[in-house]
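Participant: okay, here's the prediction I keep looking at, along with the sequence it came from:
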Amino acid sequence: MVNGRAIPKNSTCLRAGDYLPYLRSAFSTRAAPDDSVESIFRPLIAGRSLLATPTGRHALWAFLQAAPLREGDEVLVAAYNFYVIVRLLVQRGLRPVFVDVEPETLCMDPYDLAARIGPRSRMVLVTHIYGHTADLTRIGKICRERNLLLFEDCAHAVGTLHQGLQTGQTGEGALFSFGVEKIINSLGGGMLAIRPELLKGSRPPQPSVGRRLSLLDTFTRFTYTVALSPGVYRNVLRPAGRALGLLSREAPRKVREYFEPSKDDPTYRFGYESRPPFKMFMAQMQSRQLRRLEENVGRRRDLVARMRSGLQRIEEVRLPDMDRHGRANASYFVANVPDPFRLVDHLRQCGVGAHPQEFLDCSQLDQFSSYRADCPVARQASRSTVRLPSFPLLTYRDADHIVEAVTSYFTRKIR
Ligand SMILES: *Cc1c(COP(=O)(O)O)cnc(C)c1O
């Protein structure tokens with residue numbers, strides 16, 4: 001370990017007080033009222049019904065029930081994506097049509113989108129991946145001209161702006177997620193922002209579906225979040241993990257699979273009852289973090305700008321153009337490198353948490369073999385992307401250490 005440093009790959013940096021709403025009501029199983037997110041997110045998003053959902057994927061599921069879609073309709077979706085989202089489309093009886101991504105933003109490429117629209121196309125699902133704004137101007141225009149529903153996946157994109165406005169206000173609907181890895185972390189919870197007209201005549205999503213292990217599930221998220229706060233990670237988790245050999249490559253995967261099905265599991269089905277309900281403490285945690293959102297985004301962007309200027313000197317590292325279509329929230333900081341797995345091993349030895357293959361080219365996954373498509377940019381991205389830390393509690397010295405750690409990997413290899 002260089003300099004005894006230990007930087008987790010990600011941390012949402014909750015303050016001690018942010019946990020209070022959870023601690024106060026940890027044993028309550030009651031769901032929050034339907035309108036619990038309305039007043040919190042109204043200042044950010046106008047002209048949409050804002051509905052609390054147990055997770056982000058529940059918000060998409062609710063949209064897919066409310067929207068005028070029939071079995072066999074095609075949904076155009078970026079190939080470089082979170083496979084669970086594609087899975088929901090398939091489970092709803094829709095046909096995903098994979099669209100390649102822009103190399104600069106890793107979001108859906110509007111030109112490739114236009115080329116893949118067919119007579120059965122009904123909807124476009126655009127993802128503001130890594131908190132980069134997709135080209136909403138072009139994609140929105142295509143959707144209006146071709147009469148396609150537009151849905152925005154804003155799971156990474158609270159604080160991501162398009163033409164100065166929070167993303168999620170161009171399409172008919174948008175999902176937001178407040179899971180443990182997201183920029184606002186309320187230990188779970190999600191939100192659907194939907195045009196009010198679409199809700200007419202359909203049952204609105206309920207925040208209250210729950211499951212028996214709900215308390216344990218939330219407690220696991222609580223523990224995970226605390227463990228990844230920088231001080232606890234440095235002083236407790238990493239030393240203990242090293243002693244027990246827990247920080248092998250296997251351990252993070254096992255923790256991850258507690259939360260998510262494996263990408264190779266073709267039997268996964270989204271279960272409406274499989275997550276804790278949206279509870280009142282989640283709304284309270286979101287409200288506290290939302291007040292600090294601009295400050296946090298500013299700090300993240302500042303750190304990323306500093307690391308980018310250091311990394312730009314390395315020939316093998318390619319950095320996305322994160323502000324190409326709007327303002328990125330810098331909640332994810334990714335770089336493209338030739339061999340991300342080896343770089344990540346090196347970074348771990350330097351005490352820097354990093355993650356290869358945060359997302360994958362879904363058009364090549366076996367579970368979607370019936371929808372296979374050729375998306376070369378997505379394929380390249382899923383082989384070359386590495387995620388580096390960019391959370392607001394990093395110091396400039398941490399940021400410089402990250403740059404040095406990446407640089408030392410490449411200079412050593414050149415020799
Ligand atoms: C996390 C995430 C979701 C879904 O969020 P959940 O709350 O976990 O259901 C959707 N899309 C992307 C890109 C995500 O990273």
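Facilitator: Structure received.

Participant: near the ligand, which residues of this protein?
Facilitator: Thr55, Gly56, Arg57, Phe82, Ile85, Thr127, Asp153, Ala155, His156, Ser177, Gly179, Gly190 (CB under 6 Å from any ligand atom). Every residue, glycine included, has its C-beta placed from N, CA and C.

Participant: can you rerun that using 8 Å?
Facilitator: 55-60, 81-82, 84-85, 127, 129, 153, 155-156, 175, 177-179, 181-182, 188-190, 259-260, 275, 359 (CB under 8 Å from any ligand atom).

Participant: buried ones among those?
Facilitator: 55-60, 81-82, 84-85, 127, 129, 153, 155-156, 175, 177-179, 181-182, 188-190, 275, 359 (16 or more other CB atoms under 10 Å).

Participant: residues making contact with the helix or strand harbouring Val386?
Facilitator: In the assignment (DSSP states H and E), Val386 maps to strand 385-388. For strand 385-388, contacts defined as CB atoms under 8 Å, 6 or more residues apart in numbering pick out 9-10, 106, 307, 332-337, 340, 343-344, 347, 352, 354-359, 402, 406.

Participant: can you list the strands that it pairs with?
Facilitator: Paired neighbours of strand 385-388 in the sheet (DSSP bridges): strand 333-336 (antiparallel), strand 355-356 (antiparallel).

Participant: put the alpha carbons of the longest one into PDB.
Facilitator: This means strand 333-336. C-alpha atoms of strand 333-336 as PDB (Å, rounded to 0.1, in the frame of the first residue of the first chain):
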ATOM      1  CA  PHE A 333     -15.700   9.400 -13.200                       C
ATOM      2  CA  VAL A 334     -14.700   7.000 -15.900                       C
ATOM      3  CA  ALA A 335     -11.800   6.600 -18.200                       C
ATOM      4  CA  ASN A 336     -11.200   4.200 -21.100                       C
END
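
Participant: just how off-centre is that strand within its chain?
Facilitator: Strand 333-336 has its C-alpha centroid displaced from the chain centroid by 14 Å (CA atoms, centre = their mean, to the nearest Å).

Participant: what's the next helix-or-strand element following that strand packed up against?
Facilitator: Counting by DSSP H and E, the next helix or strand C-terminal to strand 333-336 is helix 340-349. For helix 340-349, the packing partners by 3 or more CB pairs under 8 Å, 6 or more residues apart in numbering; DSSP states H and E come out as strand 355-356, strand 385-388, helix 396-414.

Participant: looking at the ones you listed, which is buried most?
Facilitator: Ranked by mean neighbour count, these are led by strand 385-388 with a mean of 24 (mean count of other CB atoms under 10 Å).

Participant: isn't there a strand covering Glu152?
Facilitator: Yes. Per DSSP: H, G, I helix; E, B strand; the rest coil, Glu152 lies within a strand segment.

Participant: how about low-confidence regions in the stretch 301-415 of the chain?
Facilitator: 413-415 (pLDDT under 70).

Participant: before we move on, what about the stretch 101-250 of the chain?
Facilitator: Of all residues in the stretch 101-250 of the chain, those with pLDDT under 70 make up the ranges 203-212, 245-250.

Participant: check contacts around the closest residue to the ligand within the stretch 51-200 of the chain.
Facilitator: Nearest residue of the stretch 51-200 of the chain to the ligand (CB to the nearest ligand atom) works out as Gly56 at 2.8 Å. Residues in contact with Gly56, defined by CB under 8 Å, 6+ apart, are Asp153, Ala155, Leu175, Phe176, Ser177, Phe178, Gly179, Gly190, Met191.

Participant: try it again with 7 Å
Facilitator: Gly56 makes contact with Ala155, Leu175, Phe176, Ser177, Gly179, Gly190, according to CB atoms under 7 Å, 6 or more residues apart in numbering.

Participant: surely the last one meets Leu51?
Facilitator: If I follow you right, that is Gly190. No. Gly190 sits out of contact with Leu51 when judged by CB atoms under 7 Å, with a separation of 9.3 Å.

Participant: quickly list what's touching both of these two.
Facilitator: Going by CB under 7 Å, 6+ apart, no residue sits against Gly190 while also sitting against Leu51.

Participant: which SSE is immediately downstream of the lengthiest strand in the chain?
Facilitator: Ranked by residue count under DSSP state E, the longest strand found in the chain is strand 121-127. The first helix or strand that comes after strand 121-127 along the chain, using DSSP H and E, is helix 136-146.

Participant: can you give me the angle that next one makes with strand 121-127?
Facilitator: With axes from the mean of the first three to the mean of the last three CA atoms, to 10 degrees applied, the angle from helix 136-146 to strand 121-127 works out at 170 degrees.

Participant: which other helices and strands contact helix 136-146?
Facilitator: Packing partners of helix 136-146 (3 or more CB pairs under 7 Å, 6 or more residues apart in numbering; DSSP states H and E): helix 110-116, strand 121-127.

Participant: turn the ones you listed into CSV, including distance to Gly201.
Facilitator: Shown next, in CSV, are the helices and strands packed on helix 136-146 (distance: least, CB to CB, whole Å):
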stretch, distance to Gly201
helix 110-116, 30
strand 121-127, 18
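
Participant: what's the most buried one of these?
Facilitator: Sorting the helices and strands packed on helix 136-146 by mean neighbours (by mean count of other CB under 10 Å), the first place falls to strand 121-127, with a mean of 25.

Participant: which neighbouring elements make contact with it?
Facilitator: Looks like strand 121-127 contacts strand 74-78, helix 136-146, strand 149-153 (3+ CB pairs under 7 Å, 6+ apart).

Participant: helix, strand or coil for the spatially most central residue of the chain?
Facilitator: Most central in the chain under CA atoms, centre = their mean is His156, positioned 4.0 Å from the mean C-alpha point. Recorded secondary structure, His156: coil (three-state DSSP).

Participant: pull out the CA atoms of the longest strand of the chain and give them to me as PDB.
Facilitator: Extracted C-alpha coordinates of strand 121-127, given in PDB (Å, rounded to 0.1, in the frame of the first residue of the first chain):
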ATOM      1  CA  SER A 121     -40.900   0.800 -32.700                       C
ATOM      2  CA  ARG A 122     -42.900   2.500 -30.000                       C
ATOM      3  CA  MET A 123     -40.600   3.800 -27.400                       C
ATOM      4  CA  VAL A 124     -37.000   5.000 -26.800                       C
ATOM      5  CA  LEU A 125     -35.400   4.400 -23.400                       C
ATOM      6  CA  VAL A 126     -32.500   6.800 -23.000                       C
ATOM      7  CA  THR A 127     -30.000   6.500 -20.100                       C
END
